[in-house]
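I would like the atomic coordinates for the input below:
(chains A, B, C and D, ligands or ions: 6)
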Amino acid sequence: MGRMSLAQSHNPAENTGAALELLDVLCTLLLGAEDELNGLDRAIGDGDHGGNLARASRSLSELRPELAELSMGEAVTRAGRAVVMSVGGASGPLYGTLLMEMGKALPDEPGPGDWAAAFAAGVDGVARRGRSAEGDKTMLDVLAPASRALSEEASADLHEALAAMRAAAEDGFETSRGLRAKRGRAAYVGERSVGHDDPGARSALLCVGAVADFLGENKG
Amino acid sequence: MGRMSLAQSHNPAENTGAALELLDVLCTLLLGAEDELNGLDRAIGDGDHGGNLARASRSLSELRPELAELSMGEAVTRAGRAVVMSVGGASGPLYGTLLMEMGKALPDEPGPGDWAAAFAAGVDGVARRGRSAEGDKTMLDVLAPASRALSEEASADLHEALAAMRAAAEDGFETSRGLRAKRGRAAYVGERSVGHDDPGARSALLCVGAVADFLGENKG
Amino acid sequence: MRKFLNNPADAVDESLRGFARCHADLVELVERPRYVKRQRLTQGKTAIISGGGSGHDPLHAGLVGRGMLDAAVPGEIFSSPSVEQILAAAEAVGGEAGLLCLIKNYSGDIMNFELAMEMFDRPHASVIIEDDIGAAGGDDTVGRRGVAGTVVVEKLAGAAAERGEGLEACAEIARRAAAATRTIGVALGGCQVPSADKANLELAPGEMEIGIGIHGEPGRRRAPIAPANEIVEELIEALIADFSPSPDDPLLLFVNGLGGTPPMETYIIYDAAARMLAARGLTVARSLVAPLVTSLEMPGASITLTKMEDGFLDLWDDPVVTPGLRWGA
Amino acid sequence: MRKFLNNPADAVDESLRGFARCHADLVELVERPRYVKRQRLTQGKTAIISGGGSGHDPLHAGLVGRGMLDAAVPGEIFSSPSVEQILAAAEAVGGEAGLLCLIKNYSGDIMNFELAMEMFDRPHASVIIEDDIGAAGGDDTVGRRGVAGTVVVEKLAGAAAERGEGLEACAEIARRAAAATRTIGVALGGCQVPSADKANLELAPGEMEIGIGIHGEPGRRRAPIAPANEIVEELIEALIADFSPSPDDPLLLFVNGLGGTPPMETYIIYDAAARMLAARGLTVARSLVAPLVTSLEMPGASITLTKMEDGFLDLWDDPVVTPGLRWGA
Ligand SMILES: Nc1ncnc2c1ncn2[C@@H]1O[C@H](COP(=O)(O)OP(=O)(O)O)[C@@H](O)[C@H]1O
Ligand SMILES: Nc1ncnc2c1ncn2[C@@H]1O[C@H](COP(=O)(O)OP(=O)(O)O)[C@@H](O)[C@H]1O
Ligand SMILES: [Mg+2]
Ligand SMILES: [Mg+2]
Ligand SMILES: [Mg+2]
Ligand SMILES: [Mg+2]
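Ligands and ions are numbered 1, 2, ... in the order given. Model (predicted):
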């Protein structure tokens, strides 16, 4: 029996169960990407983006039992709060805000449209919190187009929607490479950031891809 | 009429007059060697030996009227005191001590033997003041052998004595080049001083040579 | 790397442990979550905290003590502290008299302080410090950076709090001090974050960056290193052009070393700056020359001017007893 | 040269002018001949002067003030002051109560102080400071150098003089303090005298010199830069081997920055040193971490230990109010 998609079940506990599985997938992914992300951040930042997300992953894993008791929205909010609390730097408040705002926007039994709307709310929260916009060479260069694509396709077939989201994230990542950083530590190195991959954009791409895989698999 | 040698006249005023001419010669020489001596000191010291001796020369020139009123011994002592007072660093107290000790040793009407003895007393003073010895790669590598040669030949012909003093100074200078500095700032650079000319040895050589020229000319 | 380090990831912790051990009479380090607070808190006093990335010592931990900060929250090197750290510090020192957060204008700092204050339930206020005119024109991004002027704001607000002023009065002093303060820096070389690949600023030997930020952010102009007088002339011109002090404004002149520049040079800069201000008819009423907001081992310096408005001179002269700044007591 | 300079020949004068202007409440600069003295002298007090080459700020001029020096005599960079300077300073501050000269063990300093004292006709005494064990074994030349331990001797003797002790008592304190003090340094790079061709010490990137002198004199060992703990272990071992402190000796632990090393790193060194001393059962009774005896912009640090004999702890704690060191008042 395949895993349930996050959007399919009308049983909250199952939803949360699947969400926790996705959480595990993301945590494992980010722990595995620690060196890669640190390497990208070493080039134009301070070399800790991988470490920061590894710290986030570890604190989320610790939180797993607690999350299992919560509704979907509460769990996502709670996860965001944990990230915010423990990570520091720039990515802590940003990824934390993404999750907290998503959690607040989620109804008890979210459908695909709800997820798309929640994602959009989360991305809005990131931009507000970061006083930043797409094109600043940050995680937003991936998150914003991905969220837009998901919203546009949310009423269509889930597979198509996920594929569009992934494609938009990849495009955004490629475009971002050529930009000069205007936010975060990479802005300190100015022109030298051009041609480098932004570590936050990369971690966002990894996460968007993993979510698409996970939901696509479960759906299929 | 040729100039009087410092050792020839029985008239103190004439002695002092000739000594002041020698002082002028030495001051002019050292002012002209400022860049060369700074250059040598830049390589293994702090680049100020030429400047220090230029400062000494200027303060001695200012002192000229006062010196003219003094006996030979008093004048040389007074000149040494002026060098000591104004120069600082290592060469100030050392060249100043050389002159002060020479002045103290000079009788009112010095003959060649008295000058040789005074030079020896001055060199002793330098070694005591500097807690240093020939072979430490300093001005003593020139002054000590020059003084020894002069003392040994002092009873012989003045020309020969002066030639011996100059040759000993030159030999000492050549030998010194290959040594490692054990005193003064050059000792800070340790092995790196080997192969370089010591600035104080160079200034001592210049002075010894000029004295030999001056006295030889006046004698001939 | 020309640094005394063990595991680079432990540098901040080890350094703070040494700092706290050395200054145990004045400060106390809490390690988890990490913050530094005064050894003795004054009940009923408006509390002041600041914080931000490490690597700028003595800012901020070295400025904790009587007459200045109640707590400091050090992040990793050049990286904001977490919300957890800020909240813990706030809860440790901020009582019903209220808490003032002094925040340098960097998005990480602002985000983390903002989030922490959203979770903090006692009276509080925040003031953003953005004194750096270095990148003027070239910076389309994040507004002015907060740099050495932070010390001035912390000193003046700290003195007000020590005198027993309330939260709003202290915040108002901090706001006015921040508004009256301008800084511009110059670097003769870069600095190296231990965990990063390269120096934060790539200057060829003999080059300088005018308008440098305290993390090596680009300034307004790169040029061959000029004589000190010319450099200082350019910095003083820029400061005066930016906020036009008048001969009636008593000025604070603060020359700050960036970490790799020794006192001999910062005093040469100070001497030139003081002469140039006097030549323009301006009045240097107070002076400070010290490396207080450093950028790791960066060779460089900054000049800060503050217009000392009503009451500022007295607040400045009030006693301060911290590991990094100490007078009058 | 990565320096803020105008004409290199003017560097010391310009810097001192800035220094004196900035600290006019504490010190006064006399320019010809050059020396720095306290703004207010205490009649009938034993006077203490020190001096030597410049480039080691705040030593010595920055240590003039209450509880420490009465005057300092700065030579050119790394070069002794002249007899005229020393004599002028001696005559300005040394009265019938007597004058104590604290002299670092360099031949230029010794010669010039010696000559000046031969010309000085009031009561006086001199103490030579030679605390540097760095070159142990390798130095067949001039004995131990005087380095960071000078601060300790100046502080303890200065406190004794401030308490009203006579010349001989102050000299005795200085002699005992000098005998009870050992220092060893390490450099991660060289420093450059403005008027010289090359750096004073030629280290390849990634190399360190253990036992470095404060003018870049060679030490005992050159090696690849090691982790801080290993370096500190070697320095602490060397110090302990040299003068065998016992658990009954309360120790002063003083970590001194050499100019180009920022506080983060000196506190890492301090933390390691304090841990290692504790692990050996030794007692750190007092601590000081600051760049007080620098070598221009040299990246490096030194560790000084003093056995705090009877009375030293109280003298150490006595107030000191100087531009470079300040506490207790
Ligand atoms: N103001 C901002 N808005 C959006 N994203 C930002 C902002 N500042 C930084 N980022 C993102 O955060 C990433 C860096 O995260 P991280 O290295 O964990 O934090 P820090 O920069 O504090 O070390 C950047 O690559 C960028 O994508
Ligand atoms: N202890 C000493 N004994 C003899 N000569 C010395 C001693 N120390 C230094 N010198 C001489 O002094 C010279 C340097 O003089 P100078 O550059 O004027 O002084 P400083 O070294 O203080 O800058 C050296 O080249 C050396 O010949
Ligand atoms: Mg980072
Ligand atoms: Mg010299
Ligand atoms: Mg970071
Ligand atoms: Mg010299």
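
The host helix or strand of A:R42 and chain C, are they touching?
In the assignment (DSSP states H and E), A:R42 maps to helix A:34-44. Yes. Against chain C, helix A:34-44 shows contacts by Cβ under 8 Å from any Cβ of the partner chain at A:N38, A:R42, A:A43. For glycine as for every other residue, the C-beta is placed from the backbone atoms N, C-alpha and C.

Contacts made by stretch C:240-255 with the rest, please.
C:133, C:136, C:148-149, C:151-152, C:180, C:182, C:266-267, C:269-270, C:273-274, C:277, C:280-289, C:301-309, C:312-313, C:316 (Cβ atoms under 8 Å, 6 or more residues apart in numbering or on different chains).

re earlier: out of the residues of helix A:34-44 next to chain C, the closest to ligand 2 would be?
Minimum distance to ligand 2 across those is 45.3 Å, recorded for A:R42 (Cβ to the nearest ligand atom).

circling back to that earlier point, looking at the contacts of stretch C:240-255, which are in strands?
Residues of these located in strands (DSSP state E): C:182, C:283-289, C:301-307.

among those, which ones are buried?
For these, a neighbour count by 16 or more other Cβ atoms under 10 Å in any protein chain shown gives the buried set as C:182, C:284-289, C:301-307.

Could you check how many residues crowd around residue 21?
Because you didn't say which chain, this covers chain A. Using other Cβ atoms under 10 Å in any protein chain shown, A:E21 has 15 other residues around it.

Let me rephrase: I mean chain C.
19.

wait, doesn't it sit right on D:I268?
No. Using Cβ atoms under 8 Å, C:R21 makes no contact with D:I268, being 11.7 Å away.

about what we covered before: what does the helix holding A:R42 rub up against?
Outside helix A:34-44, the residues that touch it by Cβ under 8 Å, 6+ apart are A:30, A:47-51, A:53-54, A:181, A:185-186, A:189, A:192-193, A:196-199, A:202-203, C:195-198.

Closest residue of the stretch 151-300 of chain C to ligand 6?
Closest approach between the stretch 151-300 of chain C and ligand 6, counting by Cβ to the ion: C:M264, at 15.5 Å.

Was I right to think that residue contacts D:L296?
Yes. The criterion here is Cβ under 8 Å, and C:M264 meets it with D:L296 at 7.1 Å.

coming back round to it: out of the residues of helix A:34-44 next to chain C, which is most surrounded?
For those, neighbours tallied by other Cβ under 10 Å; top is A:N38, 22 neighbours.

before we move on, back to that, output the residues of helix A:34-44 next to chain C in CSV, with distance to B:R166 and pLDDT appended to each entry.
Output for the residues of helix A:34-44 next to chain C, formatted as CSV (distance: Cβ to Cβ, whole Å; pLDDT from 0 to 100):
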residue, distance to B:R166, pLDDT
A:N38, 71, 93
A:R42, 66, 86
A:A43, 67, 86
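
in the chain, which spans are helices?
With no chain named, the answer covers chain A. In order along the chain, chain A carries the following helices (DSSP state H): A:12-32, A:34-44, A:49-68, A:72-87, A:91-105, A:112-130, A:140-153, A:158-177, A:199-219.

actually chain C
Using DSSP H, the helices assigned to chain C run over residues C:11-22, C:83-93, C:107-119, C:149-162, C:167-179, C:228-243, C:263-279, C:312-317.

quick one: average confidence on the fourth one?
Spelled out, that is helix C:149-162. On average, the pLDDT along helix C:149-162 is 98.

and that helix, does that touch chain D?
No. Residues of helix C:149-162 are not located near chain D by Cβ under 8 Å from any Cβ, the shortest gap being 14.4 Å.

Give me the angle between that helix and helix C:167-179.
Here helix C:149-162 runs at an angle of 160 degrees relative to helix C:167-179 (axes from the mean of the first three to the mean of the last three Cα atoms, to 10 degrees).

Helix C:149-162 to strand C:283-290, inter-axis angle?
Using the same axes, to 10 degrees: helix C:149-162 against strand C:283-290 is 100 degrees.

mind checking how far helix C:149-162 is from the chain centre?
11 Å (Cα atoms, centre = their mean, to the nearest Å).

Can I get it as CSV, trimmed to CA atoms?
Only the C-alpha atoms of helix C:149-162 are listed here, as CSV (Å, rounded to 0.1, in the frame of the first residue of the first chain):
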residue,chain,number,x,y,z
GLY,C,149,28.3,54.2,16.1
THR,C,150,26.6,51.3,17.9
VAL,C,151,29.0,51.9,20.8
VAL,C,152,27.8,55.5,21.1
VAL,C,153,24.2,54.5,21.1
GLU,C,154,24.8,51.8,23.7
LYS,C,155,26.8,54.2,25.9
LEU,C,156,24.3,57.0,25.9
ALA,C,157,21.2,54.8,26.3
GLY,C,158,23.1,52.7,28.9
ALA,C,159,23.9,55.8,30.9
ALA,C,160,20.3,56.9,30.8
ALA,C,161,19.1,53.5,32.0
GLU,C,162,21.6,53.5,34.8
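
between that helix and strand C:300-307, how big is the angle?
50 degrees.

cool, and the fifth one?
Taking the same axes, to 10 degrees, one finds that helix C:167-179 is oriented at 120 degrees with respect to strand C:300-307.

And the average pLDDT for helix C:167-179 is what?
For helix C:167-179, the per-residue pLDDT values average out at 98.

Equivalent analysis for stretch C:191-208, please.
Mean predicted confidence for stretch C:191-208 is 87.

swap in stretch C:322-329?
On average, the pLDDT along stretch C:322-329 is 94.

Would you mark the buried spots in it?
So, applying 16+ other Cβ under 10 Å, buried residues of stretch C:322-329: C:T322, C:P323, C:G324, C:L325, C:R326, C:W327.

How about the contacts made by C:T306?
For C:T306, counting by Cβ under 8 Å, 6+ apart, the contacting residues are C:G149, C:V152, C:A177, C:A180, C:T181, C:R182, C:L251, C:L252, C:F254, C:F312.
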